[in-house]
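Peer 1: A predicted structure for the sequence below; I have some questions about it.
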Amino acid sequence: MENLKNDNLVIIKLGGSVITYKDKPLSPNYLAIEKMANIIKELKTHNKIIIVHGGGSFGHYWSIKYDMHTLPSAYSDEGISRVRESMIKLNSIIVEKFIAINLKPFSIHASSFVFNNLHRREQIMDMMDMIENNDLIPITYGDVIHTSGGNFSILSGDTLMNILSVNLKPRFSIFTTNVDGIYDNITNGNLVPNILISKTRELLTKDADTKIEFSSMVCDVTGGMKRKISESINIANEGIPVYLINGFYPERMIDIINGSEFIGTSIKMNEESI
Ligand code: IP8
């Protein structure tokens, strides 16, 4: 595989817990979306941007109701339609907010570049073409996708982050969630600012005694923080720095890009192990 480096590309995940009220079915958080859009506009002046968004109280609400998961299976057709429809709706709410401030989003459905859990590299590279030759911001999202033989599965936006990052080699990949980053402990924990991963994908923190406990977010069929961390490790393993920050303070992305101090967690490959 050719080793592309896209030094001014940033891939950003808008977490479902930021863009929707996760405990209130089908309710977008318009203010959070607007705030995020304004910061993305600022970032866009010096960077190329690709957006991935999660399902929040849209996709996850229906996935739970119809017992649908990431494992391919013969789920209820009604459930499949409901999840798909709700994600289209959420995507169009975000797209409208972007257009309202003169950003030019271009929605790309995940099934156009992922099929049967395999990705189509050509379609992914096409996003780069569109970024380089147009002023567009490709925007894709976690969704229900057809696998085969009548089976469908829920595809997480976190997995899309991994697929896009590994193929497009951005300068950074940023996950936004409703917490400041990764904590060393589920209750009363401390924020872990830097995590290094070794070649063996072992997590190394500055303080060797720090252990990271994982929790699954309530109302999440795709694995919550645990999946975010495992996808982040896959990305960092390719030499791409990953940041997890609080999406209610999207200005923290500007600090990251400026190389300033920021509140959040970075996950990077331990240089000594490269
Ligand atoms: O919120 C899942 O995407 P995620 C989307 O990024 C659905 O895990 C349909 C539940």
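Peer 2: Yep, it's here. Please read these numbers as outputs of a predicted model, since none were measured by experiment.
Peer 1: immediately after the helix or strand bottoming out on mean pLDDT in the chain, which helix or strand?
Peer 2: Taking mean pLDDT, DSSP states H and E as the measure, strand 203-205 is the helix or strand of the chain with the lowest mean score, a mean of 61. Later in the chain than strand 203-205, the nearest helix or strand by DSSP states H and E is helix 224-236.
Peer 1: does that following helix come close to the ligand?
Peer 2: No - against the ligand, helix 224-236 shows no contacts by C-beta under 6 Å from any ligand atom, the least distance being 7.1 Å. Just so you know, the C-beta spots here come from the backbone N, C-alpha and C atoms, and that holds for glycine as well.
Peer 1: So which elements touch that helix?
Peer 2: helix 157-168, strand 170-177, strand 242-246, strand 265-269 (3 or more C-beta pairs under 8 Å, 6 or more residues apart in numbering; DSSP states H and E).
Peer 1: Including distance to the ligand, could these go into a markdown table?
Peer 2: Converted to a markdown table, these look like this (distance: least, C-beta to the nearest ligand atom, whole Å):
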| stretch | distance to the ligand |
| --- | --- |
| helix 157-168 | 3 |
| strand 170-177 | 10 |
| strand 242-246 | 13 |
| strand 265-269 | 17 |
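Peer 1: Contacts only, for the nearest residue to Lys24 once chain neighbours are set aside.
Peer 2: The shortest distance from Lys24 to any non-neighbouring residue, by C-beta to C-beta, 6 or more residues apart in numbering, is to Ser57 (5.8 Å). With contacts defined as C-beta atoms under 8 Å, 6 or more residues apart in numbering, the neighbours of Ser57 are 16, 20-27, 219.
Peer 1: Surely Ser266 and Ile195 touch.
Peer 2: Yes - counting by C-beta atoms under 8 Å, Ser266 touches Ile195, with 7.1 Å between them.
Peer 1: Endpoints of stretch 183-198, how far apart?
Peer 2: Terminal residues of stretch 183-198 are spaced 20 Å apart (C-alpha to C-alpha, to the nearest Å).
Peer 1: Could you list which of the contacts of Ser57 also contact the ligand?
Peer 2: Applying C-beta under 6 Å from any ligand atom to the contacts of Ser57, those adjacent to the ligand are Gly16.
Peer 1: Take the contacts of Ser57 and lay them out in JSON lines including secondary structure.
Peer 2: Conversion of the contacts of Ser57 to JSON lines gives the following (DSSP: H, G, I helix; E, B strand; the rest coil):
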{"residue": "Gly16", "secondary structure": "helix"}
{"residue": "Thr20", "secondary structure": "strand"}
{"residue": "Tyr21", "secondary structure": "coil"}
{"residue": "Lys22", "secondary structure": "coil"}
{"residue": "Asp23", "secondary structure": "coil"}
{"residue": "Lys24", "secondary structure": "coil"}
{"residue": "Pro25", "secondary structure": "coil"}
{"residue": "Leu26", "secondary structure": "coil"}
{"residue": "Ser27", "secondary structure": "coil"}
{"residue": "Cys219", "secondary structure": "coil"}
